[in-house]
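*Asks:* build me a model:
(one chain, ligands or ions: 2)
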Amino acid sequence: MTNLPGIVITGASGRMGQMLIKTVQESDKARLVGVLERPGHDWIGKDIGECMGGAPMGVAVSDDALELFAHAQAVIDFTAPAATVEFAGLAAQARAVHVIGTTGLSEDDLKKINAAARHATVVRAGNMSLGVNLLVQLTKKVAAALDEDFDIEVIEAHHNKKVDAPSGTALMLGEAAAEGRGVSLDNVSDRGRDGITGARERGHIGFSAIRGGDIVGEHDVLFAAPGERVVLRHIATDRAIFARGALKAALWGQGKAPGEYDMMDVLGL
Ligand SMILES: NC(=O)c1ccc[n+]([C@@H]2O[C@H](COP(=O)([O-])OP(=O)(O)OC[C@H]3O[C@@H](n4cnc5c(N)ncnc54)[C@H](O)[C@@H]3O)[C@@H](O)[C@H]2O)c1
Ligand SMILES: O=C(O)C1=N[C@H](C(=O)O)CCC1
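*Replies:* Ligands and ions are numbered 1, 2, ... in the order given. The predicted model follows:
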C-alpha cells in the first residue's frame, strides 16, 4: 500500500480538484498524500473529506505547496496560470511528476513550464480525456485529406464559470487542423469575429466560444465546403474523464526522463 505513488492535488476545492481527489482516493494504484488550496481559503487546515461533504479522509487541506510536493511522487494541477507556473518550479525542485491540466497559459507561462521540465517530468494537455485526444488525431487526418475548399471552424461550449477562451481543447484541435494542412496556426487563426469582418479568408481556421449553464465541455470541428459539411464532435458529460486521464498521466510519468510530455505520449496515440 505505502509503495503506491503518492499524489498531491492542487486547487482542492475546485470543480476539477474535487473530482481528482475522489478519483485518486478510489484508485488502487495511487494514494492521496496531500491537497492544496490558495492561502486564506476557508478549507485550509480542515479534513478534505469533510469539506467535500463526505466522510473524513485523514488528509488536511494545506496552503504549503513546497512541503506537500516534497512528500509526493506526482502533483496533479488543474488551477490557474499563475499558480501553475509557480507549481512547475516547486514540483521540479521536489522532483515530482507535474501533471498540468490548467488552460489559458500564455507564451511566457509556457516558456517557464518548459524551463522547469529540464529538471522534472511534466505532462501537460488542454484536455486529458481519451476521446478528445483521439479527436485531435482525427482532426489532423481529415484536415490533411480535405483541401482549402473546406473552411475549418472550431466551435466549443462550456459552463458559465469558465474564465478562458478559446478553450485549451479548441486550441489543441486548431493546432491539429493547422498541422494537417501544413500551416502555422498563428498565421491562419480567426478569433472573436464581430462587426464588419469582411468575407471569410480561404485557408483560415475560425474559433467560436459558447458559455452557459453547467455545460461540461463540447467541441465540434466543422469542415464546410460548397454542397457538403463534415463535423467531428466530442461531448463531455462528466469531469471524471479528465480526472481519470490525469491520474493515468501521473502514473505513466513515474520513472520517465525529465521533459515535457502530452496525453498522446501517455495514451500511445
Ligand atoms: N486539461 C483538462 O482536461 C481540463 C479539464 C477540465 C478543466 N481544465 C482546466 O483546469 C483549470 C481549473 O478548472 P476548474 O473548473 O476546476 O476551476 P475552478 O475555478 O473550479 O478551480 C480552480 C481551483 O484552483 C484554486 N487555486 C487557484 N490558485 C491557487 C493557488 N495559488 N494555490 C492553490 N490553489 C489555487 C482555486 O481556489 C480553485 O479552487 C482551468 O484552467 C480549466 O480550463 C482542464
Ligand atoms: O471546464 C473547463 O474549464 C474545461 N477546460 C478544458 C479546456 O479548456 O478545454 C477542458 C474541458 C473542460
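*Asks:* ligand 1 contacts on the chain?
*Replies:* 10-11, 13-17, 36-38, 78-80, 83, 101-104, 125-128, 168, 242 (C-beta under 6 Å from any ligand atom). Backbone N, C-alpha and C define where each C-beta goes, glycine included.
*Asks:* these also near ligand 2: which ones?
*Replies:* Checking the residues of the chain next to ligand 1 against ligand 2 (C-beta under 6 Å from any ligand atom), the matches are Thr103, Gly126, Asn127, Gly168.
*Asks:* which two of the residues you listed have the greatest separation?
*Replies:* Spatial extent of these (C-beta to C-beta) is set by the pair Thr103 and Asn127 at 8.5 Å.
*Asks:* shared neighbours of those two, anything?
*Replies:* In terms of C-beta atoms under 8 Å, 6 or more residues apart in numbering, Thr103 and Asn127 are both contacted by the residues Gly168, Thr169.
*Asks:* between those two, which has more neighbouring residues?
*Replies:* Neighbour count, other C-beta atoms under 10 Å: between Thr103 and Asn127, Asn127 has more, with 27 against 24.
*Asks:* which SS class is the more buried one?
*Replies:* In three-state terms, and counting by DSSP: H, G, I helix; E, B strand; the rest coil, Asn127 is coil.
*Asks:* which non-adjacent residue is nearest it?
*Replies:* Distances taken as C-beta to C-beta, 6 or more residues apart in numbering place Thr169 nearest to Asn127, at 4.1 Å, with adjacent residues excluded.
*Asks:* where does the one you found fall, secondary structure wise?
*Replies:* Assigned by DSSP states H and E, Thr169 belongs to helix 168-181.
*Asks:* any buried residues in the helix or strand following that helix, and which?
*Replies:* Using DSSP H and E, the helix or strand that follows helix 168-181 in sequence is helix 185-188. Across helix 185-188, burial judged by 16 or more other C-beta atoms under 10 Å covers Leu185, Val188.
*Asks:* what's helix 185-188 packed up against?
*Replies:* Judged by 3 or more C-beta pairs under 8 Å, 6 or more residues apart in numbering; DSSP states H and E, helix 185-188 is in contact with helix 168-181.
*Asks:* how distant is the helix it packs on from the center of its chain?
*Replies:* Centroid separation between helix 168-181 and its chain, computed with C-alpha atoms, centre = their mean, to the nearest Å, is 15 Å.
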